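Novice: Sequence unavailable; structure follows:
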């Protein structure tokens, strides 16, 4: 659907700005008026990672006047495969500061505002209220629902994107004119059901494909041109090189934007998304060991069976000595239980401890009362025991 421009045009463009944006100015649908609107726009990028990197770079190049960056993390070497706004020299630096420097290197006329903090229910309304449009580049469900609900409550549009391995999705959610994220996904998936990019991987260039779609949609909404992806979900399959669209209708029973909303203020999104299920939390209580404890058990020759519940490609990158691989899904389906020894204590681990806690709950319910899992997973093991090994 065609929508009115989101922002009013700035008073003027300088001579230098006219030169810089000349290829926009000669497009009839953008022109001087559209470019002035971009100059006057305030856009917030949530995250300066895989999607935030191309989004920030192209928003800056396009001439968006004010760019906000919400990011609390630091640049890690594993980021550089896809987070192109950062470089080798930025490893260990604040991602927000690194992204700011790259943005200003692209376009010194952009005003960059940093929010070097974790986006939470306590600060989201204050931060979002300063901007016209939100670009969501987050990779976890709790923050996605937080962004959505805050935007609905503030009546702000936001451009959403999601990536995983070779697949990407993008849409524009604006409850005033169409559905919100909850209309598409009323409830989050069960904890551990959908792996994160850190667990399942992502093709680096996929970030550019989806991030550029997000910026295209942002420009359209800001300048009031074209037909934004409101009420439509764009799905991209990089392996087949296919795009397809799915219509998304506003749900009259939606909990936050429906006719009788039940979510009228921000909630506890970590609890809502069940970052770790209650069953896993209960199973892990009193049955969690540290990497150092595991190392002691190994050195002392304890009668244990160390089981890695990650995926095979993760196991190939780094593993704990003596651990054998049985992916989590085999436990969820029940096929792995018959192969477990009855005369050894089961020690589970994954990357950080989330998946192993879920598997631990399965084992506890199956009668393996003395089973334990390693808090911090293989990442904790590498940091504490074998720092020379790679992490991912």
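Specialist: Perfect, I can see it now. Everything numeric in this text was worked out from a predicted model, so none of it was measured.
Novice: tell me which element residue 44 is part of?
Specialist: Element membership for residue 44, per DSSP states H and E: strand 42-46.
Novice: how about that strand: buried residues?
Specialist: For strand 42-46, a neighbour-count test (16 or more other Cβ atoms under 10 Å) marks 42-46 as buried. Every residue, glycine included, has its C-beta placed from N, CA and C.
Novice: so what secondary structure elements neighbour it?
Specialist: With contacts defined as 3 or more Cβ pairs under 8 Å, 6 or more residues apart in numbering; DSSP states H and E, strand 42-46 has these neighbours: helix 52-62, strand 66-70, strand 133-136.
Novice: tell me the mean pLDDT for the shortest one?
Specialist: Looking at strand 133-136 alone, the average pLDDT works out to 98.
Novice: same deal with stretch 209-228?
Specialist: Stretch 209-228 shows a mean pLDDT of 98.
Novice: ok, now stretch 61-77?
Specialist: 97.
Novice: Which of the three states applies to residue 373?
Specialist: Using DSSP: H, G, I helix; E, B strand; the rest coil, the structure places residue 373 in strand.
Novice: May I have the beta-bridge partners of it?
Specialist: When assigned by DSSP bridges, residue 373 has beta-bridge partners residue 288, residue 348.
Novice: ok so, going back, give me the distance from the strand holding residue 44 to the chain's centre.
Specialist: From the chain centre to the centre of strand 42-46 is a distance of 15 Å (Cα atoms, centre = their mean, to the nearest Å).
Novice: Could you do stretch 86-101 as well?
Specialist: That offset, for stretch 86-101, works out to 18 Å (Cα atoms, centre = their mean).
Novice: So, low pLDDT: which residues of the stretch 101-250 of the chain?
Specialist: Applying pLDDT under 70 to the stretch 101-250 of the chain flags residues 190-196, 198-199.
Novice: now the helices for it?
Specialist: 124-128, 141-154, 181-184, 197-200, 204-223 (DSSP state H, counting those that start in this stretch).
Novice: Can you tell me which of the ones you listed is nearest to residue 338?
Specialist: helix 197-200 (25.8 Å; Cβ to Cβ).
Novice: what's the helix or strand for residue 379?
Specialist: Using DSSP H and E, the element containing residue 379 is helix 377-384.
Novice: nearest residue to residue 290 other than its sequence neighbours?
Specialist: residue 375 (6.1 Å; Cβ to Cβ, 6 or more residues apart in numbering).
Novice: Present the helices of the stretch 101-250 of the chain as JSON lines; the columns should include distance to residue 334 and mean neighbour count.
Specialist: JSON lines is the format used below for the helices of the stretch 101-250 of the chain (distance: least, Cβ to Cβ, whole Å; neighbours: other Cβ atoms under 10 Å):
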{"stretch": "helix 124-128", "distance to residue 334": "41", "mean neighbour count": "17"}
{"stretch": "helix 141-154", "distance to residue 334": "26", "mean neighbour count": "22"}
{"stretch": "helix 181-184", "distance to residue 334": "32", "mean neighbour count": "22"}
{"stretch": "helix 197-200", "distance to residue 334": "22", "mean neighbour count": "16"}
{"stretch": "helix 204-223", "distance to residue 334": "34", "mean neighbour count": "23"}
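Novice: So which of these is nearest residue 233?
Specialist: Nearest to residue 233, of all the helices of the stretch 101-250 of the chain, is helix 181-184, at 6.6 Å by Cβ to Cβ.
Novice: hmm, who's touching the closest one?
Specialist: Residues from elsewhere that reach helix 181-184, judged by Cβ atoms under 8 Å, 6 or more residues apart in numbering: 144-145, 147-149, 160, 171, 173, 233, 248-251, 254-257.
Novice: Can you list which of these are found in strands?
Specialist: 160, 171, 173, 233 (DSSP state E).
Novice: Max pairwise distance over these: which two?
Specialist: Longest span within the ones in strands among the contacts of helix 181-184, Cβ to Cβ: 173 and 233, 10.1 Å.
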